[in-house]
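S.K.: I would like the atomic coordinates for the input below:
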Amino acid sequence: MIHVSDVARPGLMISQTWPRSRECQGQTRDAIEIALKENFFQAFQTVEIPYAEERKHIAGILHAQDSPSTYCLARVLNENRLNLSDLDAVNRQKSYEKVIQCCDDAREAGADAVSFVSGPQPVEPQKRQEALACLKDSLVHICRAARSGPPFKIVLEPLDVEAHKKGTLGTTEEAVEICETLHQEGLDLWLCLDTAHMILNGEDPVKSLAMAQPYVAEYHYCNCVTDRSHSLFGDRHLPFGPPGIMDAVKMADIMRESVAMGFFTAAAKPPIFCEVLKRDQDDSFQVMQHCREALQQAWKYGLGAES
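M.R.: I've put the predicted structure just below:
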């Protein structure tokens, strides 16, 4: 009997389950410790952690548990109106320099990866290809700088292009092309694939994973509403099920194909996350349980095995 933990690392996104943890010293650490008591989650994603003492404490916890973690800088970039694909060279330089600066904090927090998004596409859609070229240049600076310290992965998450988030990047095919270009320059770039972004781009998540598999560092199961007339249209990190289209059955289909194509293996054990955002009326523990149950149920449906 195959268990999910045999071939993947079930992860918890502290950034979603405890979305305000960065605002108070110690809360990110406390959230990770609470999650570890579940004896299920083996990987974590956080946003930036502003406190040096807390970062060091978290690094010790992660090392003791052999738990990989991703230090996500999407909020840092968005909140400061930074854009790695900006046609404005001055702001773009500020953007990639900010990522490089935050890499030191990520190392101090014991992170195995630093992730971010491309930034919004230009107001004039015909300039998106030019913005993609700017993004590549930013990534070269970041990937080169990342080699100067203890190694970790630089991870880029493609967004939807036209539906909701409207990022410069983009489709899985475009993301793979960027990875291949940097690889030819001797630089390593990895991808985070997210079911919501792929679906909103009109992609089949299984085909996209097969295309990008050599470069995929982590995978997000995320619900989305595809009905443009619905008030919740887009990628809003909803619980699984209606009004979104991602439920346990759909997740199970993706898991089954992921095993068949060799993405889930005992050697690779990629981190997999359910991306569900805690709203003000929600309880963090309940959101965490929802994510755990969704992974367990989908794995049972998909592989006919308990997780």
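S.K.: can you map out the helices along the stretch 201-307 of the chain?
M.R.: For the stretch 201-307 of the chain, helices defined by DSSP state H, counting those that start in this stretch occupy the ranges 205-212, 248-260, 284-303.
S.K.: other SSEs contacting the longest one?
M.R.: If contacts are counted by 3 or more Cβ pairs under 8 Å, 6 or more residues apart in numbering; DSSP states H and E, helix 284-303 sits against helix 4-7, strand 9-13, helix 14-17, helix 27-36, strand 216-221, helix 248-260, strand 271-274. In this view, the C-beta of every residue, glycine as well, is placed from N, C-alpha and C.
S.K.: Let's have the helices of the stretch 201-307 of the chain in CSV, adding mean pLDDT, mean neighbour count and distance to P158.
M.R.: Listed next are the helices of the stretch 201-307 of the chain as CSV, based on pLDDT from 0 to 100; neighbours: other Cβ atoms under 10 Å; distance: least, Cβ to Cβ, whole Å:
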stretch, mean pLDDT, mean neighbour count, distance to P158
helix 205-212, 98, 19, 9
helix 248-260, 96, 19, 17
helix 284-303, 94, 19, 22
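S.K.: can I get these in CSV with distance to I58?
M.R.: Below are the helices of the stretch 201-307 of the chain laid out as CSV (distance: least, Cβ to Cβ, whole Å):
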stretch, distance to I58
helix 205-212, 29
helix 248-260, 29
helix 284-303, 17
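S.K.: Go through those helices and name the closest to P239.
M.R.: Closest to P239 of these, according to Cβ to Cβ: helix 284-303, at 5.8 Å.
S.K.: and the helix or strand containing I154, average pLDDT?
M.R.: I154 is located in strand 153-157, with elements delineated by DSSP states H and E. Strand 153-157 shows an average pLDDT of 98 in the prediction.
S.K.: Just want the angle from that strand to strand 216-221.
M.R.: Interaxial angle of strand 153-157 relative to strand 216-221 (axes from the mean of the first three to the mean of the last three Cα atoms, to 10 degrees): 40 degrees.
S.K.: other SSEs contacting strand 153-157?
M.R.: Packing partners of strand 153-157 (3+ Cβ pairs under 8 Å, 6+ apart): strand 113-117, helix 128-146, strand 190-194, strand 216-221.
S.K.: partner strands of that strand, parallel or antiparallel?
M.R.: Neighbouring strands of strand 153-157 in its sheet, by DSSP bridges, are strand 113-117 (parallel), strand 190-194 (parallel).
S.K.: Same list (those strands) but as a markdown table, adding mean pLDDT.
M.R.: Formatted as a markdown table, the strands paired with strand 153-157 follow (pLDDT from 0 to 100):
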| stretch | mean pLDDT |
| --- | --- |
| strand 113-117 | 98 |
| strand 190-194 | 98 |
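S.K.: Redo the ones you listed as a markdown table? Include distance to E162 and mean neighbour count.
M.R.: Formatted as a markdown table, these follow (distance: least, Cβ to Cβ, whole Å; neighbours: other Cβ atoms under 10 Å):
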| stretch | distance to E162 | mean neighbour count |
| --- | --- | --- |
| strand 113-117 | 16 | 23 |
| strand 190-194 | 16 | 24 |
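S.K.: will you turn the ones you listed into a markdown table that also has distance to Q101?
M.R.: Below are these laid out as a markdown table (distance: least, Cβ to Cβ, whole Å):
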| stretch | distance to Q101 |
| --- | --- |
| strand 113-117 | 11 |
| strand 190-194 | 20 |
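S.K.: thinking again about what came up before, could I get the helices and strands packed on strand 153-157 in a markdown table, plus columns for distance to P50?
M.R.: Output for the helices and strands packed on strand 153-157, formatted as a markdown table (distance: least, Cβ to Cβ, whole Å):
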| stretch | distance to P50 |
| --- | --- |
| strand 113-117 | 16 |
| helix 128-146 | 21 |
| strand 190-194 | 23 |
| strand 216-221 | 23 |
